[in-house]
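>>> Dropping a prediction and its sequence here:
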Amino acid sequence: MATKSPVRCGIFMYCIFMFLYYADANTCSGSIQVRAMSDMEPIKSCKSFAGTILISSLPISDLVIPDIQSFEGTIDINSNENIRRISMPNLVSATRISISNQTMLSTLEFPSIQKIDTLTIKKLPSLTDLSFPTMLNETKNLEISETGARGILVLRVKKMSTLRVENNKLLEFLQAPNMKSVDTIYLTENGKGKFDFTAPYLNNVNDLTVKSVGSLSLPSLSTVSNNLVASENSFSSFTLQNLRSVTGGMTIDSNQNLKSTNFQELQTIGSSLVISNNPSLEKVNGFPKLERIGGSADITGSFSELEVSKLNEIKGGINVQTKSERFRCEEVDKFKNEGVVKGDTTVCLSGIKEPKSVLAQPQTGIPVNNKTVGGETNKGKATNTSSTGNKTLLHSDGAKHKINNFDVLCRIMIALIIVYNLYEI
């Protein structure tokens with residue numbers, strides 16, 4: 001028999017090492033559906049994972065995923081009636097985490113978390129402590145709804161795509177002290193009208209919708225790049241003192257306690273201005289620098305004064321209707337006579353019982369769809385398409401999948417062993 005050379009032995013040992021390496025790596029990717037803790041055994045040693053983990057109907061009260069530090073894909077923890085605590089003590093970053101429909105869950109522990117692209121927390125009525133977002137340095141999409149939380153602190157995040165907080169009946173405040181830019185903010189039905197939102201350095205928003213808010217503090221906000229909607233809030237004053245432009249429409253509707261507005265720097269509204277059904281608003285005079293409205297102006301209510309003295313262009317029509325008999329229509333007529341109103345409609349009525357918006361209906365804000373980056377969330381199925389090397393893996397509840405790199409490696413390894421032994425013979 002030929003003597004085995006050190007070089008050939010080295011090659012063989014290298015092949016063994018790579019085989020074991022890729023075999024281990026393969027267990028840390030793919031799609032896993034967990035209905036018992038034994039289903040987690042294959043990934044216990046993983047520091048990182050790529051793919052999908054769907055955890056549902058677990059008969060335990062304490063869920064701990066101790067070792068994973070980074071996660072590329074989706075962790076979906078859904079409909080576990082008995083779970084009271086979820087802990088991922090070493091998780092630093094994740095693509096998407098969704099935790100929903102956990103009626104008994106009272107504790108979430110992510111002490112090391114720094115980055116989550118998309119975080120969804122939904123229908124957790126027993127969850128009163130939501131302190132872990134304070135650790136986040138980066139998140140793109142944050143959705144928190146139907147929880148028992150009383151306060152939310154987002155201390156470190158400076159930029160987001162979506163901030164959506166709704167239907168948290170006990171929520172008293174949301175504070176984002178370092179937030180500077182958000183594409184979409186949607187805050188509605190929190191705290192039974194006593195919810196406070198504070199973001200002192202927020203400068204730019206694409207869409208801003210606030211509903212059932214008790215107080216709003218956005219002293220640095222200068223630009224709304226699309227629509228601004230404030231409806232059914234309980235605050236008495238609506239102040240955005242540094243707001244300079246709204247590129248889309250602006251709606252202030254059905255705020256029962258609203259007595260004053262202050263948009264002292266606002267110069268342009270790109271689409272329609274709607275102010276309607278604010279019964280405590282006696283003076284519409286918070287627009288001292290407003291020069292241009294790119295759509296219609298539809299202003300209705302119980303006010304006795306309307307002051308927009310700098311206004312020199314309304315691209316659409318104008319409708320002003322009020323219950324007050326003290327209001328005089330001379331200013332509105334002046335807009336028409338001087339060519340400020342470019343549209344065909346000019347309506348001014350005072351002392352009427354039911355003022356009506358006839359040019360533009362109040363906007364209610366456009367909810368963000370419950371979608372994740374890359375597609376809709378799958379419920380009840382663990383379905384994931386991931387990439388490993390140059391091959392594509394397609395998993396669906398353990399169904400058939402294409403040949404992946406691990407399969408190829410196994411075959412190469414077997415071939416190498418056969419060739420090696422034939423060569424030795």
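That came in fine, so what should we check first?

>>> so who does the nearest residue to residue 93 once chain neighbours are set aside touch?
Leaving aside its sequence neighbours, residue 93 sits nearest to residue 115 (Cβ to Cβ, 6 or more residues apart in numbering; 4.2 Å). (Each C-beta comes from the backbone N, C-alpha and C, glycine too.) Neighbouring residues of residue 115 by Cβ atoms under 8 Å, 6 or more residues apart in numbering: 92, 93, 94, 136, 137, 138, 139.

>>> if you set the cut-off to 10 Å instead, what comes out?
The neighbourhood of residue 115, defined by Cβ atoms under 10 Å, 6 or more residues apart in numbering, consists of 70, 91-95, 135-140, 157.

>>> Tell me what it is bridged to.
residue 93, residue 138 (DSSP bridges).

>>> on that earlier part again, for the contacts of residue 115, I'd like a selection string for ChimeraX - just the buried members, please.
Here is the ChimeraX selection string for the buried members of the contacts of residue 115, based on 16 or more other Cβ atoms under 10 Å:
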select :70,91,92,93,94,95,135,136,139,140,157
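
>>> my guess is residue 124 meets residue 99, correct?
Yes: if you go by Cβ atoms under 10 Å, residue 124 and residue 99 touch, sitting 6.8 Å apart.

>>> Report the set of residues contacting both of those two.
Joint contacts of residue 124 and residue 99 (Cβ under 10 Å, 6+ apart) are 86, 105, 108, 147.

>>> can you tell me which of those lies nearest to residue 221?
Proximity of the shared contacts of residue 124 and residue 99 to residue 221, judged by Cβ to Cβ, is greatest for residue 147, which lies at 26.4 Å.

>>> now the helices for the stretch 1-150 of the chain?
6-26 (DSSP state H, counting those that start in this stretch).

>>> Stretch 348-359: which residues count as buried?
Neighbour-count burial for stretch 348-359 [16+ other Cβ under 10 Å]: 348, 349, 350, 355, 357, 359.

>>> Give the bridge partners for the first one, please.
It stands for residue 348. With DSSP bridges as the rule, residue 348 is bridged to residue 320.

>>> Can you check the pLDDT for it?
The model reports residue 348 with a pLDDT of 96.

>>> who are the neighbours in contact with it?
When the contact criterion is Cβ under 10 Å, 6+ apart, the partners of residue 348 are 299, 306, 318-322, 327-333, 335-336.

>>> please redo it, this time with the cut-off set to 8 Å
Residue 348 neighbours (Cβ under 8 Å, 6+ apart): 318, 320, 321, 329, 332, 333.

>>> Ok, the last one next?
Residue 359 makes contact with 272, 296, 297, 298, 316, 317, 318, 319, 345, according to Cβ under 8 Å, 6+ apart.

>>> can you tell me how far the fifth one sits from residue 185?
Going from residue 316 to residue 185 by Cβ to Cβ, to the nearest Å gives 27 Å.

>>> Neighbour count: the two, which is higher?
residue 185 (26 against 21; other Cβ atoms under 10 Å).

>>> what are the phi and psi angles of that one?
Backbone geometry at residue 185, expressed as degrees, to the nearest 10, gives phi -120, psi 120.

>>> Distance check, it against residue 276.
22 Å.

>>> Ok, residue 210 next?
For residue 210, the distance to residue 276 - Cβ to Cβ - is 16 Å.

>>> Over to residue 174?
Applying Cβ to Cβ, the value for residue 174 to residue 276 is 27 Å.

>>> So for these two, which sits in the more crowded spot?
For the pair residue 174 and residue 276, the greater number of neighbours falls to residue 174 (26 against 23), based on other Cβ under 10 Å.

>>> Double-check that the more buried one belongs to a helix.
No: counting by DSSP: H, G, I helix; E, B strand; the rest coil, one finds residue 174 to be strand, located in no helix.

>>> For the closest residue to it other than its chain neighbours, what is the enclosing helix or strand?
Nearest non-adjacent residue to residue 174, counting by Cβ to Cβ, 6+ apart: residue 152, 4.6 Å away. Per DSSP states H and E, residue 152 falls inside strand 151-153.

>>> ok, residues contacting the helix or strand just after that strand?
Using DSSP H and E, the helix or strand that follows strand 151-153 in sequence is strand 159-166. By Cβ under 8 Å, 6+ apart, the residues outside strand 159-166 that reach it are 139-146, 152, 154, 171, 174, 176, 179-190, 367-368.

>>> in strand 159-166, what's buried?
Per 16+ other Cβ under 10 Å, strand 159-166 contains these buried residues: 160, 161, 162, 163, 164, 165, 166.
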